[in-house]
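Sequence first, then the predicted structure, then my questions.
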Amino acid sequence: MASPVPVAEYASPEVRRRFPTGDYLMFAAVVGFVVGVLAAPLLIIDRLRNIYEDLKLKLPGSTQLLIDLYSTLNQFGARFWIWLIPLLIPLWLVRLDREVRFRATVALLLLAGLAIVWFVLATVSPMLLLFEGLFSR
């Protein structure tokens with residue numbers, strides 16, 4: 001009679017998993033990039049608003065929405081607390097499954113890309129209206 005096959009020993013469930021530092025740093029970099037891209041316009045909206053008010057331009061809806069959003073965020077001190085997001089979101093992301101993390105990262109990057117396009121269009125369209133008014137005689 002042959003000897004029985006040895007039973008594989010597995011780690012006990014009490015073994016603590018180490019914190020995935022590498023994953024956290026990667027997600028912190030991605031989320032930090034996205035937040036940086038979304039927060040950078042907050043630094044120039046105030047100047048653009050002053051220019052538009054001085055020129056007495058009638059602003060398109062997207063530009064007015066951007067200025068109102070900036071004013072609302074500025075009232076709550078967004079310039080200071082928005083930088084906590086890259087530290088907190090990765091803590092949530094590293095606890096998800098790998099496939100869900102990938103989808104969340106892609107969604108964040110797509111959101112940042114769409115926000116950049118919207119910001120550029122919202123800030124440039126009043127300037128185009130101004131040039132159109134200046135040169136259409």
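Alright, I've got the coordinates.

Can you tell me what sits against the helix or strand of the chain with the lowest mean pLDDT?
Using mean pLDDT, DSSP states H and E, helix 78-81 stands out as the lowest-scoring helix or strand of the chain, at a mean of 72. With CB atoms under 8 Å, 6 or more residues apart in numbering as the test, helix 78-81 has contacts from 39, 42. Every residue, glycine included, has its C-beta placed from N, CA and C.

I figured Val94 hits Met26, correct?
No. Using CB atoms under 8 Å, Val94 makes no contact with Met26, being 9.1 Å away.

Just the buried positions in the longest helix seen in the chain, please.
For the chain, the helix with the greatest residue count under DSSP state H is helix 98-135. For helix 98-135, a neighbour-count test (16 or more other CB atoms under 10 Å) marks 101, 104-105, 108, 112, 119, 122-123, 126 as buried.

then the helix or strand hosting Gln64 to CSV, C-alphas only?
Assigning secondary structure by DSSP states H and E places Gln64 in helix 61-75. Provided in CSV are the C-alpha atoms of helix 61-75 (Å, rounded to 0.1, in the frame of the first residue of the first chain):
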residue,chain,number,x,y,z
GLY,A,61,-23.3,79.1,-19.3
SER,A,62,-20.3,76.8,-19.0
THR,A,63,-18.0,79.7,-18.0
GLN,A,64,-20.5,81.0,-15.5
LEU,A,65,-20.9,77.5,-14.0
LEU,A,66,-17.1,77.3,-13.7
ILE,A,67,-16.9,80.6,-12.0
ASP,A,68,-19.8,79.8,-9.6
LEU,A,69,-18.2,76.4,-8.8
TYR,A,70,-14.9,78.1,-8.1
SER,A,71,-16.6,80.6,-5.8
THR,A,72,-18.4,77.9,-3.9
LEU,A,73,-15.3,75.8,-3.5
ASN,A,74,-13.3,78.8,-2.4
GLN,A,75,-15.9,79.6,0.3
